[in-house]
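> Pasted the sequence and its predicted model underneath.
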Protein chains: 2
Amino acid sequence: MGERSSFYAVVPAGGAGTRLWPLSRAGNPKFLLDLTGSGRTLLQQTSDRLRPLADGVVVVTGTRHAEAVAAQLPDLGESGLLVEPSPRDSMAAIGLAAAVLAHRLPDEDVVIGSFAADHVITDGEAFSTAVSTAVEVARRDLVVTIGIEADHPSTAFGYVEMAEPLEVPGSYAVRAFTEKPDAETAAGYLATGRYRWNGGMYVARARVLLGHLQRYQPVMHAGLLEIAAAWDTDAREEVVARVWRTLTRIAIDHAISEPLAAEGGIAVVPAALGWSDVGDWRSLADLTPADDGGARVLGDARLVRGLGAEGAMVVPAAGRTVVVLGVPDAVVVDTPDALLVSTVDRAQEVKKVVDALAAENRADLL
Amino acid sequence: MGERSSFYAVVPAGGAGTRLWPLSRAGNPKFLLDLTGSGRTLLQQTSDRLRPLADGVVVVTGTRHAEAVAAQLPDLGESGLLVEPSPRDSMAAIGLAAAVLAHRLPDEDVVIGSFAADHVITDGEAFSTAVSTAVEVARRDLVVTIGIEADHPSTAFGYVEMAEPLEVPGSYAVRAFTEKPDAETAAGYLATGRYRWNGGMYVARARVLLGHLQRYQPVMHAGLLEIAAAWDTDAREEVVARVWRTLTRIAIDHAISEPLAAEGGIAVVPAALGWSDVGDWRSLADLTPADDGGARVLGDARLVRGLGAEGAMVVPAAGRTVVVLGVPDAVVVDTPDALLVSTVDRAQEVKKVVDALAAENRADLL
């Protein structure tokens, strides 16, 4: 066709990361934080991973975080930052990027891939290979998900069930997506060898994705096309103000992936990425190397003294000396206005505390 | 004799209370803190307890804390505050007070009682009764100790062994003082019913105490008499500077109580006082009532949220919100520059941490 082939990475940057309270806050969410001690935030690491693989990176975020995202990723420029006036879930975010890119690049065969802004991937090479494979499969008009190797029977993630191999080596048909399973079901999934975690990494031709959206969610499709046509013009503000609030709040998994899987339109590229969604303090502890005393420190380790603190996760983010004495597997998160003391086993219940604070209108602590 | 009989309370106020770090510091020690949430510090509570029983209260403290003691106890006045130029242990402190009072009041039959500045006594009436009895016994030229009811076989205290009853009801001869026992020995002590804890509360005629000091520690006795003669004169500074540093560093228990017990010169008044030396975080937890969620809070309970925090001891002294989630029996002490996270079972090891900080010259944290 002579058409130029391109690949754009779309990064929806939203969500507060409530289970990482009090480090992660509504105003300073997980994706804006350096949670690996690398000197780069999760958003920056996501961009660093994608930029060499893509012709461009587009971040979709809310008004509250637009300035911080632009400051952390100066390379994005005006065109690479799509600001949503209000959250409308992942289908609107990814659909907006697909529609804007398709409108901007009418003569290109644009493949887009969506990648969360707040996940950790330690095997960059495996990630590159998986994305390349996924892009190749996507050019055959399939919607492709990267299926993350499930190294334990997690009940926190949805799974994708692989079927027969497809033509492109390393790709497989998808039989179905599943909801988060109970522990027994999850163990059964792992035993079959056919299940992978669904990390929400979707790769598809922009026009294929928009075509499916047109079939499944025609009103939303029309709205996004109207917004996309106005995006790079003086009319953006008026059109967005009028149309955005009419968009259906729905996740891409429900809007497209699940029904399309039933039609045989989804492929999966399984990959072992060293992936983590850093979903709670236990996940972060698993990612953080232990120091001499057995404690895992995110931040300035000189501030932390552990004695009988094997497996503890300590975040001395208030700059104070933190002593952990005889509390193995402790979670201690020390911030200037709030302190969490918990354990790796219990820390994911911090969501209850955050919910209680919200119910009491303690916006100062959220 | 026509001589006026008087009773003066002597309160040695020293010691940092290392095991209550990071709340208790060298510059802000235990006795200057309100550890019971009563609005009064341990020193103030000690004075409050003694003032109705005594003709006067004399506090002996170091130069570093003289100003804070005077501020907390304005009633002391200049004459009630004896400032030691350097710590010389309890015999020097109590001996100084005895010598100064004996010198100031040559025509009175002065009984003195020494009482630590940093202990808690919840049964004030039992304390008053015990002190009255002890004073009565002391007028018969015995050195009297108040023997604290041992409600568990503690290995942290020395014990006093009671012998036959003496003439004054409620008083007994002392067979011996014992060092801190091991757990088995302590349990054996309790089983006999004859042993009481030695809390260092001694009551004696000033001239009797000084007489024993003259026999056992004649050089120290002479030095203290020289200082006492100069104390209320212009010569105080010169004499103290010259003589104080020559005084033997020895505890009153070793200097007088133990050898005198062997001679039959000590009596004991046993009493159940609701006493605690608030020696570590476990002791303080035992003194602190639990709130609804099971956590015990010293300070502003509104700052603390406990979930699965039964038996926890929380001190929100930095004014920040503290969440304790799933750590029963936690000890969380939050101060502006240092945070301790431990458990009731392990918290007394905090001394190790403080020792390590001292070894690293971290005076800022001590």
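Happy to help now that I have it.
> Helices of chain A, residue ranges please.
For chain A, the helices identified by DSSP state H occupy A:42-50, A:63-72, A:89-104, A:124-138, A:183-192, A:206-216, A:218-231, A:236-243, A:252, A:258-262, A:281-287, A:350-359, in order along the chain.
> Looking at these, spot the one closest to chain B.
Among those, helix A:350-359 comes nearest to chain B, with 5.2 Å by C-beta to the nearest C-beta. No exception for glycine: its C-beta is placed from N, CA and C like everyone else's.
> which helices and strands does the closest one pack with?
Helices and strands in packing contact with helix A:350-359 are listed as strand A:338-343, strand B:304-307, strand B:321-325; criterion 3 or more C-beta pairs under 8 Å, 6 or more residues apart in numbering or on different chains; DSSP states H and E.
> CA atoms only for the shortest one, dumped as CSV, please.
Written as CSV, here are the backbone C-alpha positions of strand B:304-307 (Å, rounded to 0.1, in the frame of the first residue of the first chain):
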residue,chain,number,x,y,z
VAL,B,304,-4.5,7.7,66.1
ARG,B,305,-6.4,5.1,64.1
GLY,B,306,-6.0,1.5,65.2
LEU,B,307,-7.4,-1.4,63.3
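> Who does it pair with, and is each partner parallel or antiparallel?
On the basis of DSSP bridges, the sheet neighbours of strand B:304-307 come out as strand B:321-325 (parallel).
> same question for the partner strand, mean pLDDT?
pLDDT averaged over strand B:321-325 equals 96, rounded to a whole number.
> Run the chain-centre distance for it.
Centroid separation for strand B:321-325 versus its chain: 33 Å, with C-alpha atoms, centre = their mean, to the nearest Å.
> hang on, the earlier thing: make CSV out of the helices and strands packed on helix A:350-359 and add distance to B:F127.
Formatted as CSV, the entries for the helices and strands packed on helix A:350-359 read as follows, by distance: least, C-beta to C-beta, whole Å:
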stretch, distance to B:F127
strand A:338-343, 37
strand B:304-307, 32
strand B:321-325, 34
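> Turn the ones you listed into JSON lines, including distance to A:L81 and mean neighbour count.
Putting the helices and strands packed on helix A:350-359 into JSON lines (distance: least, C-beta to C-beta, whole Å; neighbours: other C-beta atoms under 10 Å in any protein chain shown) gives the following:
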{"stretch": "strand A:338-343", "distance to A:L81": "30", "mean neighbour count": "26"}
{"stretch": "strand B:304-307", "distance to A:L81": "38", "mean neighbour count": "23"}
{"stretch": "strand B:321-325", "distance to A:L81": "34", "mean neighbour count": "25"}
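> Figure out which of those strands is closest to B:E349.
The closest of the helices and strands packed on helix A:350-359 to B:E349 is strand A:338-343. By C-beta to C-beta, the value is 17.5 Å.
> tell me the angle of the closest one relative to strand B:338-343?
Using axes from the mean of the first three to the mean of the last three C-alpha atoms, to 10 degrees, the interaxial angle of strand A:338-343 with respect to strand B:338-343 works out to 30 degrees.
> Show me what from the stretch 151-300 of chain A comes close to chain B.
Nowhere does the stretch 151-300 of chain A come near chain B, counting by C-beta under 8 Å from any C-beta of the partner chain.
> can you list contacts of stretch A:347-364?
A:18-19, A:21, A:26, A:279-282, A:313, A:331, A:337, A:340, A:342, A:365-366, B:305, B:307-308, B:323, B:325-326 (C-beta atoms under 8 Å, 6 or more residues apart in numbering or on different chains).
> re earlier: just name the most buried of the helices of chain A.
Mean neighbour count, computed with mean count of other C-beta atoms under 10 Å in any protein chain shown, is highest for helix A:89-104 among the helices of chain A, reaching a mean of 24.
> Check which helices and strands that one sits against.
strand A:4-13, strand A:56-62, strand A:81-84, strand A:108-114, helix A:206-216, helix A:218-231, helix A:252.
> and that helix, C-alpha only, in PDB?
Extracted in PDB, the C-alpha atoms of helix A:89-104 (Å, rounded to 0.1, in the frame of the first residue of the first chain):
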ATOM      1  CA  ASP A  89     -12.400   5.200  32.600                       C
ATOM      2  CA  SER A  90      -9.900   3.500  30.300                       C
ATOM      3  CA  MET A  91     -12.000   3.100  27.100                       C
ATOM      4  CA  ALA A  92     -12.500   6.800  26.800                       C
ATOM      5  CA  ALA A  93      -8.800   7.500  27.500                       C
ATOM      6  CA  ILE A  94      -7.400   4.900  25.100                       C
ATOM      7  CA  GLY A  95     -10.200   5.700  22.500                       C
ATOM      8  CA  LEU A  96      -9.300   9.400  22.700                       C
ATOM      9  CA  ALA A  97      -5.700   8.700  21.900                       C
ATOM     10  CA  ALA A  98      -6.600   6.300  19.100                       C
ATOM     11  CA  ALA A  99      -9.000   8.800  17.600                       C
ATOM     12  CA  VAL A 100      -6.600  11.800  17.900                       C
ATOM     13  CA  LEU A 101      -3.700   9.800  16.400                       C
ATOM     14  CA  ALA A 102      -5.900   8.500  13.600                       C
ATOM     15  CA  HIS A 103      -7.000  12.000  12.800                       C
ATOM     16  CA  ARG A 104      -3.600  13.500  12.900                       C
END
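> Now do that helix: distance to the chain's middle.
In this view, helix A:89-104 has its centroid 16 Å away from the chain centroid, taken as C-alpha atoms, centre = their mean.
> try stretch A:176-192
With C-alpha atoms, centre = their mean as the basis, the mean position of stretch A:176-192 lies at 21 Å from the chain mean.
> Report the rounded mean pLDDT for it.
Per-region confidence: stretch A:176-192 scores 94 on mean pLDDT.
> For it, give the distance from the opening residue to the closing one.
With C-alpha to C-alpha, to the nearest Å applied, stretch A:176-192 spans 14 Å between its terminal residues.
> Turn the helices and strands packed on helix A:89-104 into JSON lines, columns for mean pLDDT.
What follows is the helices and strands packed on helix A:89-104, written out as JSON lines (pLDDT from 0 to 100):
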{"stretch": "strand A:4-13", "mean pLDDT": "97"}
{"stretch": "strand A:56-62", "mean pLDDT": "97"}
{"stretch": "strand A:81-84", "mean pLDDT": "97"}
{"stretch": "strand A:108-114", "mean pLDDT": "97"}
{"stretch": "helix A:206-216", "mean pLDDT": "97"}
{"stretch": "helix A:218-231", "mean pLDDT": "97"}
{"stretch": "helix A:252", "mean pLDDT": "95"}
